[in-house]
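K.L.:
structure for the following, please:
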Amino acid sequence: MPVRIRHMLVKEFIQIFRDPKMKAVIFVMPVIQVLVFGYAVTTDVRNIATAVYDLDNSTASRELTARFAGSGYFRIVEYPEDEARVREIMDRGLAGAVLHFMKGFGDDLVSGTARLQIITDGTDSNTAGIVLSYASNIVSRYSSQVLLERLSRLGKPQTAYPAVELQARAWFNENLESRNFYVPGVIAILLMLITLMLTSMAIVREKEIGTMEQIMVTPITPAEFILGKTLPFALIGFIDVLVITVVGVFWFEIPIRGSLPLLFLATSIYLMTTLGVGLLISTVSGTQQQAMMGTFFFYFPAALLSGFMFPIANMPEIVQWATYLNPLRYFLVIVRGIFLKGVGVEVLWPQMAALLVMGFVTLVLATRRFSKTLN
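P.N.:
Next up is the predicted model:
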């Protein structure tokens with residue numbers, strides 16, 4: 001390694017680690033973010049606060065209510081006595097669902113078809129859809145049992161009414177746990193955020209503290225300067241990936257079915273892009289405040305258009321085309337493919353190739369943008 005680059009590395013590491021707050025940002029924040037996403041950010045719906053407005057109070061209504069309560073998805077919180085209280089419960093958000101048994105529900109069930117009303121809070125459409133799906137499954141199973149008992153009483157064979165039995169199996173995330181989907185994505189999200197923040201302020205900090213003039217009179221080349229600025233942040237990025245992976249696998253029991261060397265190879269290619277973007281922001285910024293604003297101006301759209309929280313397929317077509325310029329989109333596919341699917345280069349090479357091209361272009365632009373002269 002050339003002496004000039006080695007001196008730059010030593011200088012950058014000293015500048016990074018002499019600030020205790022920066023140490024916390026680099027090493028503590030990733031762990032906190034993984035814990036937050038692992039415990040708090042989930043699309044799994046359980047313990048749904050449920051009110052039961054039972055005007056029938058029959059054996060059938062009580063039995064069906066018991067099935068809802070025993071499912072593990074619904075938690076009975078109140079038995080309102082009138083419609084005004086039902087409306088108040090929903091308005092105040094005291095319950096996410098209301099089971100409304102009409103008067104005569106039990107008699108109607110014996111004689112033919114009975115009606116049950118399920119009221120959900122549609123403010124969060126995703127949660128409401130899941131609640132309705134859970135309720136539909138519980139009611140469907142109860143209805144099948146009632147039908148079989150009726151056939152048994154009538155002395156008819158229970159196979160008189162053919163049915164289709166669906167046995168579903170999910171690949172890669174068998175229990176459909178959302179944390180298995182989100183925690184690996186935290187690697188991509190945090191890696192981009194940390195490397196963008198560090199590198200976007202790398203060059204502009206030299207301008208603000210007045211050391212750019214000293215660098216100008218040295219024989220260091222722009223390429224060596226850029227390399228000396230990016231290597232420390234790349235090493236920090238690898239450490240963060242290792243920390244997040246260890247927490248995800250051993251604490252949250254996230255499966256990692258693929259190759260760890262492939263994960264670090266893909267990370268190195270991804271870092272080329274994030275570091276290059278950060279350096280570009282740093283070269284066009286005059287102050288650290290401008291660099292920070294530029295970082296968040298790039299980061300938030302990248303996170304929203306990456307597929308981390310919202311499926312890209314649901315976005316307008318013109319926005320879907322824009323996501324092809326987002327490096328986070330490609331790395332999320334790689335990380336989830338390695339963790340959950342266990343796929344290799346033969347499947348992930350298009351994403352890796354796209355990141356390689358983007359990383360090369362951004363680093364070249366950052367190197368050309370940098371000049372050893374002050375405006």
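K.L.:
check for me that A49 belongs to a helix.
P.N.:
No. Applying DSSP: H, G, I helix; E, B strand; the rest coil, one finds A49 to be strand, outside a helix.
K.L.:
tell me the bridge partners for it.
P.N.:
Residues in a beta bridge with A49, per DSSP bridges, are R75.
K.L.:
pLDDT weak spots in the stretch 51-200 of the chain?
P.N.:
The stretch 51-200 of the chain contains residues with pLDDT under 70 at 151, 154-168.
K.L.:
tell me which stretches of the stretch 51-200 of the chain form helices.
P.N.:
59-70, 83-91, 105-111, 125-153, 178-200 (DSSP state H, counting those that start in this stretch).
K.L.:
among those, pick out the one with the most neighbours on average.
P.N.:
helix 178-200 (a mean of 24; mean count of other CB atoms under 10 Å). In short, each C-beta sits where N, CA and C put it, glycine included.
K.L.:
the helices of the stretch 51-200 of the chain: which one's closest to M29?
P.N.:
With CB to CB as the criterion, M29 lies closest to helix 178-200 of those, at 7.5 Å.
K.L.:
what sits up against stretch 11-30?
P.N.:
Contact partners of stretch 11-30, identified using CB atoms under 8 Å, 6 or more residues apart in numbering, comprise 186, 190, 194, 197-198, 202, 228-229, 231-232, 236, 239-240, 243-244.
K.L.:
what mean pLDDT does stretch 340-351 get?
P.N.:
Mean pLDDT, stretch 340-351: 92.
K.L.:
and the end-to-end length of it?
P.N.:
Stretch 340-351 has an end-to-end distance of 16 Å (CA to CA, to the nearest Å).
K.L.:
give me the buried positions along it.
P.N.:
Judged by neighbour count using 16 or more other CB atoms under 10 Å, the buried positions of stretch 340-351 are 340-341, 343, 348, 351.
K.L.:
and the furthest pair within these?
P.N.:
Greatest spacing in these, by CB to CB: L340 and Q351 (14.8 Å).
K.L.:
about what we covered before: list just the nearest of the contacts of stretch 11-30 to F296.
P.N.:
Using CB to CB, the contacts of stretch 11-30 come closest to F296 at M197, 9.0 Å.
K.L.:
with adjacent residues omitted, what lies nearest to the closest one?
P.N.:
T295 (5.7 Å; CB to CB, 6 or more residues apart in numbering).
K.L.:
gap between that neighbour and A302?
P.N.:
10 Å (CB to CB, to the nearest Å).
K.L.:
now Y79: phi and psi?
P.N.:
For Y79, the backbone dihedrals (degrees, to the nearest 10) come out as phi -120, psi 90.
K.L.:
wait, I281 sits on T295?
P.N.:
Yes. Between I281 and T295 there is a contact under CB atoms under 8 Å: 6.0 Å.
K.L.:
return every residue with contacts to both of those two.
P.N.:
Residues touching both I281 and T295 by CB under 8 Å, 6+ apart: 196, 200.
K.L.:
the residue nearest to M197 is in what secondary structure piece?
P.N.:
Assessed by DSSP states H and E, T295 sits inside helix 288-304.
K.L.:
what helices or strands is that helix leaning on?
P.N.:
Helix 288-304 sits against helix 178-200, helix 202-209, helix 260-284, helix 327-336, with contacts defined as 3 or more CB pairs under 8 Å, 6 or more residues apart in numbering; DSSP states H and E.
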